[in-house]
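Colleague: what's the 3D shape of this:
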Amino acid sequence: MSKALSIFDTTLRDGTQGEGISLSADDKLKIASKLDQLGVHYIEGGIPGSNNKDIEFFKRVKSLGLNAKITAFGSTRRKDSIASADANLNRVIESGVQAATLVGKSWDFHVHTALQTSLDENLAMIFDSIAYLKQNGLEVIFDAEHFFDGYKNNPEYALSVMKKAKEAGADWLVMCDTNGGTLPHEVHQIVSALAQEVPGAHLGIHTHNDCELAVANSLSAVQAGARQIQGTMNGYGERCGNANLCSVIPNLQLKMNYEVLEPGKLAQLTNTARYISEIANVHMPNNQPYVGTSAFAHKGGIHVSAILRDSRTYEHVVPETVGNKQRVLVSELAGQSNILSKAQDMGIEFDPANEDTREVINRIKNLEHQGYQFEGADASLELLLRQANGELTELFVFESFKMLVEKTAGRPVVSEAFVKLNIAGSSVYTAAEGNGPVNALDNALRKALITYFPRLNEMHLSDYKVRVLDEMDATASKVRVLIESRDLTSSWNTVGVSGNVIEASWEALVDSIRYALLGENQLENQEITAERGGIVNH
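Modeller: Residues are numbered from 1 along each chain as shown. Below you'll find the predicted structure:
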């Protein structure tokens, strides 16, 4: 039995049916190129003629010269008609693709209820449509919709559908768990039955995740004889999504020893998943297996102590195999190993026998108890560690800030911030307006510093999150503010905590600026003129 498998990616078709996902033609072309670099075998681009985006995609994708087979999606001819006159089938042919995915009914309930036709006519629709596409030179992948439900309800008819598709020349017979309600042992049993009933057929599997079993069901189908696996990157798809190829692929390749991607390609998996997440503008869960930022993150001190000796103690695969990396988190659960590991990653030398190391650990635990969260704010943590190690040079000293927020009837809210800093012995006083108090503070702080540190022009605040820590205290609750900042090459996160959201925001903002200026051992502008000797107004 061959160990080679085919990966069929339907992110651009089935994946876009997920809530909140909308891809332009340019988006789809970028994703197709990325999937091709990863090495998937089939890329389903959409439905030709259904919308302008898909029409444009199929026209432009030809120029990309991809190795993967571009596939168009369509359904069987309409009842009581002929295939050659079916507009849907003709659009698939005219799209110029190498392969077509044709969906047909395999559940007698659907034939009667959805199609409102006879079982024999449904078989004729399947045969005629596949034969017509084959006559026009296409590879045909037949997706038997609701196959598992159909088999459980009427196994004889579900099998007759597959036999008719093979008789018509279908290259692949794909079993679809369309409602996502089948269990792994049922999948194995039914796929095994089909393999016996239709010997020599190339079988495929297409699962949905309504029972959180799409990946497990895909693996079970492969064990029973399926050789094409359909799914989407990051599990995108209608309702609860499709089988997540980011889990299916490494499970098959690393755990079950199947030939899935070409050598070296698996290391691109994490980058591909995150790239597609950015293009789709959908947040990728941190705890997503294999490719999530938390997939190989370690927090408990005992765990960290063990992985520093041998990562196999708490990691089921080497993170780099799938393009990910190990992360050590620092929190109230942290031990000495966590601190030393993080310090090592940051290039900070800490002596484990030194009292200062234990003092830093205790300080971090106390701050976490107050509401700080350093596992999501590495930049603030690095500042804390460097300060404890005596490495941090403070380039400016905060003196005061004031906020003015004014709302007049019939006019928008006006926010203005006043900031006073000491830079190299000089008091610098600035004022700035902004779109809200936090933006005003950010603008005023930058205005005060930009003359001295021009590189701040390269950075900007990219995300801002507020979390209420003590809900029982209502408006008197402490809040935690997490800020993400970016420059031309990287991003970093900082944290602030206070009973006042402005103060918490200020703390996170200042840390963001301090982190951006790490390594600045001297002022950008050494010659401070006499005019800047006193309080400077900007």
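Colleague: distance between the ends of stretch 166-186?
Modeller: Its start and end residues considered, stretch 166-186 measures 23 Å (C-alpha to C-alpha, to the nearest Å).
Colleague: what average pLDDT does that stretch get?
Modeller: Stretch 166-186 shows an average pLDDT of 98 in the prediction.
Colleague: again with stretch 106-115
Modeller: 96.
Colleague: again with stretch 434-451
Modeller: Per-residue scores along stretch 434-451 average to 90.
Colleague: so how far is it from its chain's centroid?
Modeller: 32 Å (C-alpha atoms, centre = their mean, to the nearest Å).
Colleague: next, the buried residues of it.
Modeller: Neighbour counts over stretch 434-451 (16 or more other C-beta atoms under 10 Å) mark 434, 437-449, 451 as buried. For every residue, glycine as well, the C-beta is placed using N, CA and C.
Colleague: just the residues you listed: which are in helices?
Modeller: Residues of these located in helices (DSSP state H): 437-449.
Colleague: max pairwise distance over these: which two?
Modeller: For these, with distances taken as C-beta to C-beta, the pair at the greatest spread is 437 and 449 (18.8 Å).
Colleague: in this structure, which helix or strand is least confident?
Modeller: The weakest-scoring helix or strand in the chain, judged by mean pLDDT, DSSP states H and E, is strand 536-537 (a mean of 42).
Colleague: before we move on, the earlier item: dump the ones in helices among the buried residues of stretch 434-451 to a markdown table, plus distance to residue 411.
Modeller: Formatted as a markdown table, the entries for these read as follows, by distance: C-beta to C-beta, whole Å:
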| residue | distance to residue 411 |
| --- | --- |
| 437 | 17 |
| 438 | 20 |
| 439 | 18 |
| 440 | 17 |
| 441 | 22 |
| 442 | 23 |
| 443 | 20 |
| 444 | 22 |
| 445 | 26 |
| 446 | 26 |
| 447 | 24 |
| 448 | 28 |
| 449 | 31 |
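Colleague: let me see the contact set for the spatially most central residue of the chain.
Modeller: By C-alpha atoms, centre = their mean, the chain has its centre lying nearest to residue 284, at 3.1 Å. By C-beta atoms under 8 Å, 6 or more residues apart in numbering, residue 284 lies in contact with 234, 273-274, 277, 291-292.
Colleague: tell me the secondary structure for it?
Modeller: When classified by DSSP: H, G, I helix; E, B strand; the rest coil, residue 284 comes out as coil.
Colleague: let's see the pLDDT reported for it.
Modeller: pLDDT at residue 284 comes out at 85.
Colleague: which one among the buried residues of stretch 434-451 gets closest to residue 151?
Modeller: Among the buried residues of stretch 434-451, residue 438 lies closest to residue 151 (C-beta to C-beta), at 57.6 Å.
Colleague: could you measure the closest residue to that closest one other than its chain neighbours against residue 173, distance?
Modeller: Residue nearest to residue 438 in three dimensions, not counting chain neighbours: residue 505, with 4.6 Å by C-beta to C-beta, 6 or more residues apart in numbering. Applying C-beta to C-beta, to the nearest Å, the value for residue 505 to residue 173 is 58 Å.
Colleague: so residue 373 touches residue 495, yeah?
Modeller: Yes: here residue 373 reaches residue 495: they are 6.0 Å apart, a contact under C-beta atoms under 8 Å.
Colleague: intersection of neighbour lists for the two?
Modeller: Listed contacts common to residue 373 and residue 495 are 480, 482; contacts here mean C-beta under 8 Å, 6+ apart.
Colleague: show me where pLDDT drops low in the stretch 251-400 of the chain?
Modeller: Scanning the stretch 251-400 of the chain for pLDDT under 70 picks out 300-301, 304, 329-342, 351-354, 357, 375-376.
Colleague: so residue 484 makes contact with residue 490?
Modeller: No: look at residue 484 against residue 490 with C-beta under 8 Å: they stay out of range, at 11.0 Å.
Colleague: who's more crowded, these two?
Modeller: Taking neighbours as other C-beta atoms under 10 Å, residue 484 and residue 490 compare with residue 484 leading, 18 against 9.
Colleague: ok but that one is inside a strand, no?
Modeller: Yes: applying three-state DSSP, one finds residue 484 inside a strand.
Colleague: contacts only, for the nearest residue to it once chain neighbours are set aside.
Modeller: Computed as C-beta to C-beta, 6+ apart, the closest residue to residue 484 that is not its neighbour in sequence is residue 463, at 3.8 Å. Going by C-beta under 8 Å, 6+ apart, residue 463 touches 482-484.
Colleague: quick one: mean pLDDT for the helix or strand where residue 463 lies?
Modeller: Secondary structure from DSSP states H and E places residue 463 in strand 460-468. Strand 460-468 shows a mean pLDDT of 84.
Colleague: could you tell me the angle between it and helix 437-449?
Modeller: Here the directions of strand 460-468 and helix 437-449 differ by 140 degrees (axes from the mean of the first three to the mean of the last three C-alpha atoms, to 10 degrees).
Colleague: buried sites along strand 460-468?
Modeller: 461, 464, 467.
Colleague: partners of the last one in the sheet?
Modeller: Beta bridges link residue 467 to residue 480, judged by DSSP bridges.
Colleague: so how far is residue 373 from it?
Modeller: 8 Å.
Colleague: got it, and the first one?
Modeller: With distances taken as C-beta to C-beta, residue 461 is found 18 Å from residue 373.
Colleague: and the residue nearest to the centre of the chain, what are its phi and psi?
Modeller: Residue 284 has phi and psi values of phi -90, psi 130 when expressed as degrees, to the nearest 10.
Colleague: any idea how far residue 19 is from residue 232?
Modeller: Taking C-beta to C-beta, one finds residue 232 at 14 Å from residue 19.
Colleague: repeat that for residue 296.
Modeller: 29 Å.
Colleague: these two: who's more crowded?
Modeller: residue 296 (22 against 10).
Colleague: name the nearest residue to the more buried one, sequence neighbours excluded.
Modeller: Of all residues not flanking residue 296 in the chain, residue 319 sits nearest, at 4.2 Å (C-beta to C-beta, 6+ apart).
Colleague: which ones are touching the one you found?
Modeller: 295-296, 325-326.
Colleague: filter those residues down to the buried ones, ChimeraX style.
Modeller: Only the buried entries of the contacts of residue 319 go into this ChimeraX selection, using 16+ other C-beta under 10 Å:
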select :295,296,326
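Colleague: export the contacts of residue 319 to CSV and tack on secondary structure and distance to residue 269?
Modeller: Shown next, in CSV, are those (DSSP: H, G, I helix; E, B strand; the rest coil; distance: C-beta to C-beta, whole Å):
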residue, secondary structure, distance to residue 269
295, coil, 11
296, coil, 13
325, coil, 13
326, coil, 16
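Colleague: pretty sure residue 88 is in a helix, no?
Modeller: Yes: Residue 88: assigned to a helix according to three-state DSSP.
Colleague: per-residue pLDDT, it?
Modeller: For residue 88, the model assigns a pLDDT of 94.
Colleague: how much space is there between it and residue 138?
Modeller: For residue 88 relative to residue 138 (C-beta to C-beta), the value is 14 Å.
Colleague: those two - which one has more neighbours?
Modeller: Counting neighbours by other C-beta under 10 Å for residue 88 and for residue 138 shows that residue 138 has the greater number, 22 against 19.
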